[in-house]
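Student: sequence and predicted structure below; questions after.
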Amino acid sequence: MKRITFLALLLLSGCQTSNTSVPLTAEELKHIRYVDMRHLPIKTQADGYWIQKRRIEPIYPIEAAKGGISGCVSLTLGITPDGRVGSYKITSSYPEGVFDISALQAVRKWRWNPDDNNPARQAILIDAKLDYFVIQGQKNLDEAKRNCEFTSIPGR
């Protein structure tokens, strides 16, 4: 009886862990070969490879909000075979350094599922841009518009 119970528990634990995504180790991340999709428009870069299942919006830094600061962060992200951000690089930010930590904290939580056309779970490089707006008490909106090329501004 103990043997049957043990085998049943072993099978159940195997079933439980088969659907979870374990992050890749640092050593595994070093050996990933990414397909560079950054030559395509941002909105279509992951098409045919990955479908975003979770997008966490960044938290507005308190000091930037109090100061009426708007801006943006542009990044290059590496989507790994486990559907996570495995590598990232800030390619530009305005004002420099103000929103970087907030942006990185958000994108590290993003997750993707492989598209039906990507059963091999091919890793890719994509671009991402996060915009930050202050609706009231704006101090640098004209400069932010110029530097971030905002396509639309909430509340306007």
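Tutor: Received it, and whenever you're ready, just let me know what you need.

Student: dump the residue contacts of Leu77.
Tutor: Val85, Ser87, Tyr88, Val107, Trp110, Leu125, Ile126, Asp127, Ala128 (C-beta atoms under 8 Å, 6 or more residues apart in numbering). Where C-beta positions appear, they are placed from N, C-alpha and C, glycine not excepted.

Student: now for Ser87, how many residues are close by?
Tutor: 15 (other C-beta atoms under 10 Å).

Student: give the bridge partners for Ile124, please.
Tutor: Val35, Ile79 (DSSP bridges).

Student: re the thing from before, of the contacts of Leu77, buried ones?
Tutor: Burial by neighbour count, judged by 16 or more other C-beta atoms under 10 Å, picks out Val85, Val107, Trp110, Leu125, Ile126, Asp127, Ala128 from the contacts of Leu77.

Student: wait, isn't the third one in contact with Ile51?
Tutor: Read that as Trp110. No: the criterion here is C-beta atoms under 8 Å, and Trp110 misses it with Ile51 at 11.8 Å.

Student: so which of the buried ones among the contacts of Leu77 sit within helices?
Tutor: Judged by DSSP state H, the buried ones among the contacts of Leu77 include Val107 as members of helices.

Student: quick one: which of the buried ones among the contacts of Leu77 is nearest Glu63?
Tutor: Val107 (20.8 Å; C-beta to C-beta).

Student: quick one, strands of this structure?
Tutor: Ranges of strands in the chain, per DSSP state E, are 35-36, 50-54, 71-79, 85-94, 111-114, 124-132.

Student: just those: most buried one?
Tutor: strand 71-79 (a mean of 22; mean count of other C-beta atoms under 10 Å).

Student: what's the angle from that one to strand 50-54?
Tutor: 120 degrees (axes from the mean of the first three to the mean of the last three C-alpha atoms, to 10 degrees).

Student: could you give the number of residues near Asn147?
Tutor: 17.

Student: quick one: low-confidence ranges for this structure?
Tutor: Counting by pLDDT under 70, the chain has low-confidence residues at 1-24, 26, 28-29, 152-156.

Student: find the residue at the geometric middle of it.
Tutor: Geometric centre of the chain, nearest residue: Val107, 3.1 Å, by C-alpha atoms, centre = their mean.
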